[in-house]
Each structure stands twice: as structure tokens, then as C-alpha cells.
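Peer 1: Okay, here's the prediction I keep looking at, along with the sequence it came from:
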Amino acid sequence: MRNYLYLFLFLLLGTGSIAAQEPVATINGHTFHVGDSLTIGLPYQPEERYQNEPSKRYKTIRHPSWEDREIPAFTRGKLKWSIPAPKRNIFGNLIPQDTVYFLSLPKYPKDSLVVELARAIQKGEIITDPIEHTPLHPEAVELLPADYVPALIKAGYTTYSDVALKAYAQSLGDSESLPTSNPFEYQRQRANLLEKLKEAVEKFDLNRTYYARHQFITEGYDFTRSGYPYGELYGSTLPYLSTPGNNKVSLYLTTQQRITFISVPAERAEIYEKRSGTLGNNAHTLYARVYFRLLPAESYTENDSHVYRTNINLLGLDAYEYPHCAYYHIGSGKAE
């Protein structure tokens, strides 16, 4: 009797182990099993915030109750799955039901997050490939909206005008620093705001290398040169930078240098095109960190448009699959 009991336990545990290793999906060459440990990436689309911080809202991962809970990036969760019970329509025909996938996280031990597995992989919200890479300019820092006005003043493109003060106030994103809608409150706070802006101008370093994120469209992969062409066929090759809000100022970047090509190994290009669903297309949407140094203004002329033609020394770019430009690096292009 004891031998039968041992045999029963062996079969039970063995079956559970096999079930835990059961393949549940194969996506872009990756096979997933129940119990796999998956890494959550960043949200696909950075929210348009004052400091360009990545949004905390994911497109493909959520709490089952649709509550707006924090989902910690770069944490790992165990993959689970569930096949909903079959349903029939009014004619008695079976309605196909999609498999529902879950991630169990230590942060929410009593709940599991719902994940749209295929879309999460396509959008990079679930990481399946290495994310380490060496940027073209690792020393560069991002030029954020709160830097635009200090940069323009430091480089001599504008002065401490009310236009600059109001644009700077709105770029901070702090409701206490936004008296621009009330002219009386603005006058009361103007001195403090001016002092804050002067401090920001003093700290801004024109000798640093900066980058701005930029969406662009490139032509199809060039197998002869091993990469993607980069040009103005589908839009500007340089980012157009504006402070948020109604009192905005804009930087129209101009340069004598050009980037004409992004070197990408064929194997890397194929991975990207398969993941994005654009394999063999003649046009691809990519995202870049565009590197540059700001140059001093040659002359100062204020105009009513508040669009400042800003000279830069263009250095190059790093291309990525996603708007946050944090991982899944594709290739680089140097300015000529």
C-alpha cells in the first residue's frame, strides 16, 4: 500500500512539474512557459510631462480591477495563464476566447497583473532581449523643457523678458510656480520667479553635450551599406523643442552638420522588424537620442513668434525601437 502511495505522489508531483514547464506561447522566436520569470520594462509611450519623465501607465499591463496602481519597472514576475470557459452566441455557436496571461509580483502578493503578452513584447513593456548598450555619447544629458529658457538666455538668444519668465514658470510643472493665469499674482511672484530663473541660467553649462529625443521615419533597410538611411524625406532630422503651456517658447535647431546614415547590423535590423511587425517594409518609425552642443547666438533679435533659431554643433544620434530611448538600441549615426 505504501508503494502505491509513493507512486501516486510521484505521478502527482511529476505532472505538476511538467505542467509548470508547459509551453504556452511562442512569440518572435521566444517560447514562454508557465512559471517563467519575466522582466517588466518601461511604459512604451512616455507621457508628455514637464520634465519628460516616463509615464507610469502601461499599454499592455494592468491590474485586474483596472485600478491605477504603480507597476514597478525592471522587476520580475512569474508567468501564469488562464483559458476562459467557452461561451456561445445566441445561435449556439462557440465564441473564440483569448488566453489570459498573468504576472505575479512580490509587490502585489494577493493579486496578479493582467498582461497582453504578445503586445507587451512588441511594445517592449516585457523585456525579452538584452538591454545593455554603449551610447554614442555616454556623457550626454537630456535637455529637458525646464532647461530651454535658461539655455536660450545663457547662449544669448533671449533675455529675462516676461515671455521668458512665463514660459519658464510653466516648464517647471509646479502649480505653485504657475501664476501666469492671474496677472496680479504673477506680479507678486515675479521677483521670486526671476531669481529662480537667474539661478538656473547660472547653473546651465554650454560646454556640455546634450541630447533630445526625436521620432523619425526612415526608408527600408539598405543591405549594401548595412543600415537605414537618415534624411528629410519623411520629416525633419532634428527635434523641434517647445516649452509646455500657453506661454511657450520654441527652439528651432539649425546646424551645418548632417547625419545621413544609421549603421545597423542586418541581424539587429531583422530582430527589430520582426518585433515591430514591419518586416521588409519600405518605411520604419524609429526614435533617437540626437546629440549636440549649443552654440552662442551670433546676434540677438526678439520677435513676436517666440521661436528662436538656435545654432547647434550636431554630433550624432543613437536609434532605438521605443520613444523612451532607454533600451533596445538599434544603431548609431555620426554627423558629418
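Peer 2: Sure, I can see it.

Peer 1: Going by C-alpha atoms from here, please, whenever you check contacts or count neighbours.
Peer 2: OK.

Peer 1: mind listing the strands for the stretch 101-250 of the chain?
Peer 2: 112-115, 126-127, 141-142, 210-219, 227-229, 240-242, 250-254 (DSSP state E, counting those that start in this stretch).

Peer 1: What are the contacting residues of the fourth one?
Peer 2: I take that to be strand 210-219. Contacting residues not belonging to strand 210-219 are listed as 140-144, 228-231, 234-239, 282-293, 323-325 [C-alpha atoms under 8 Å, 6 or more residues apart in numbering].

Peer 1: now do stretch 66-76
Peer 2: By C-alpha under 8 Å, 6+ apart, stretch 66-76 touches S37, L38, T39, I40, G41, L42, K56, H63, L105.

Peer 1: Residue ranges in the stretch 151-300 of the chain under the pLDDT threshold?
Peer 2: Residue ranges of the stretch 151-300 of the chain with pLDDT under 70: 174-181.

Peer 1: Kindly state the domain boundaries assigned to this structure.
Peer 2: Domains of the chain are assigned by automatic domain parsing as 21-127, 141-334.

Peer 1: Deepest-packed of those, please.
Peer 2: domain 141-334 (a mean of 18; mean count of other C-alpha atoms under 10 Å).

Peer 1: Please tabulate the domains of the chain in TSV, including the columns distance to H133.
Peer 2: Formatted as TSV, these follow (distance: least, C-alpha to C-alpha, whole Å):
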stretch	distance to H133
domain 21-127	14
domain 141-334	7
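
Peer 1: out of those, nearest to T134?
Peer 2: domain 141-334 (8.9 Å; C-alpha to C-alpha).

Peer 1: Show the end-to-end separation of the closest one, please.
Peer 2: Chord length of domain 141-334, first to last residue, is 18 Å (C-alpha to C-alpha, to the nearest Å).

Peer 1: hmm, back to that, got the strands of the stretch 101-250 of the chain as TSV, with distance to A319 columns?
Peer 2: Listed next are these as TSV, based on distance: least, C-alpha to C-alpha, whole Å:
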stretch	distance to A319
strand 112-115	27
strand 126-127	18
strand 141-142	15
strand 210-219	9
strand 227-229	10
strand 240-242	17
strand 250-254	19
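
Peer 1: Of the ones you listed, which is nearest I312?
Peer 2: Here strand 250-254 is closest among the strands of the stretch 101-250 of the chain (C-alpha to C-alpha), at 6.1 Å.

Peer 1: Tell me the gap between that closest one and the middle of its chain.
Peer 2: 22 Å (C-alpha atoms, centre = their mean, to the nearest Å).

Peer 1: For that strand, which strands pair with it and how are they oriented?
Peer 2: Partners of strand 250-254 in the sheet, by DSSP bridges, are strand 240-242 (antiparallel), strand 307-320 (parallel).

Peer 1: Quick check: the gap between A169 and R190.
Peer 2: In terms of C-alpha to C-alpha, A169 sits 10 Å off from R190.

Peer 1: Could you verify my assumption that G220 touches L286?
Peer 2: No: with contact defined as C-alpha atoms under 8 Å, G220 does not reach L286; the gap is 11.7 Å.

Peer 1: distance between stretch 195-204 and the chain's centre?
Peer 2: 29 Å.

Peer 1: same thing with stretch 221-240?
Peer 2: Going by C-alpha atoms, centre = their mean, where stretch 221-240 is centred and where its chain is centred differ by 20 Å.

Peer 1: which residues are contacting that stretch?
Peer 2: Under C-alpha under 8 Å, 6+ apart, the answer for stretch 221-240 is 212-220, 250-253, 259-266, 269, 280, 282, 290.
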